[in-house]
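A.B. asks: Model the structure of this input:
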Amino acid sequence: MEGTWRLYPIRVRYQETDQMGVVFHGNYVTWFEVGRTEWIRAAGYDYKTIESKGLLLPVVDLQCTYVAPARYDDLVVVCTRIAGSSPLRVEFQSQVRRVSEGDFRAAEVAYGEELPGELLVEGGTKHVWVNDQWQPARLNRILPELYALISGK
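C.D. replies: I've put the predicted structure just below:
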């Protein structure tokens, strides 16, 4: 599925950098999570509502490639899209890009269109829908409207 990119702006904070003056590598994983959370929110949902229906969405796979470092006070956007889905799984693709002041905003970019700025990190996460007992749960049965939104069906 080729979904719309949703962009979320973050200004790099001092505490996110390490002794080398660059963003500590683990913070990009946190930013991937911010991107997923904001993707869901922009689609009209939030994790609190999803979890109130008894659904959890743990990460089962993480991929992250570091291309160039972000530094303190850089303006970056976290770009997130749905890369694939089924009733039991969802896969997010993510990029972190350094941008100019003019591109430092929440936005949507159609898949296939050029994303703004310089690519710093790319990767993604794979998730499995589970219930509160950590048993597989079918999103299409519990929240069919969210499944339709995620799957494009």
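A.B. asks: what's around residue 115, how many residues?
C.D. replies: 17 (other C-beta atoms under 10 Å). From N, CA and C alone the C-beta is placed, and that goes for glycine too.
A.B. asks: Residue 136 bridge partners, please.
C.D. replies: Residue 136 forms beta bridges with residue 130, as assigned by DSSP bridges.
A.B. asks: gap between it and residue 55?
C.D. replies: From residue 136 across to residue 55, the span is 11 Å (C-beta to C-beta, to the nearest Å).
A.B. asks: Compare those two (neighbour count), which wins?
C.D. replies: Using other C-beta under 10 Å as the criterion, residue 136 and residue 55 rank with residue 55 on top: 19 against 11.
A.B. asks: That one contacts residue 140, correct?
C.D. replies: No - between residue 55 and residue 140 there is no contact under C-beta atoms under 8 Å: 11.6 Å.
A.B. asks: if we can go back for a sec, common neighbours of residue 136 and residue 55, please.
C.D. replies: Any residue near both residue 136 and residue 55 by C-beta atoms under 8 Å, 6 or more residues apart in numbering counts here, and that gives 129, 130.
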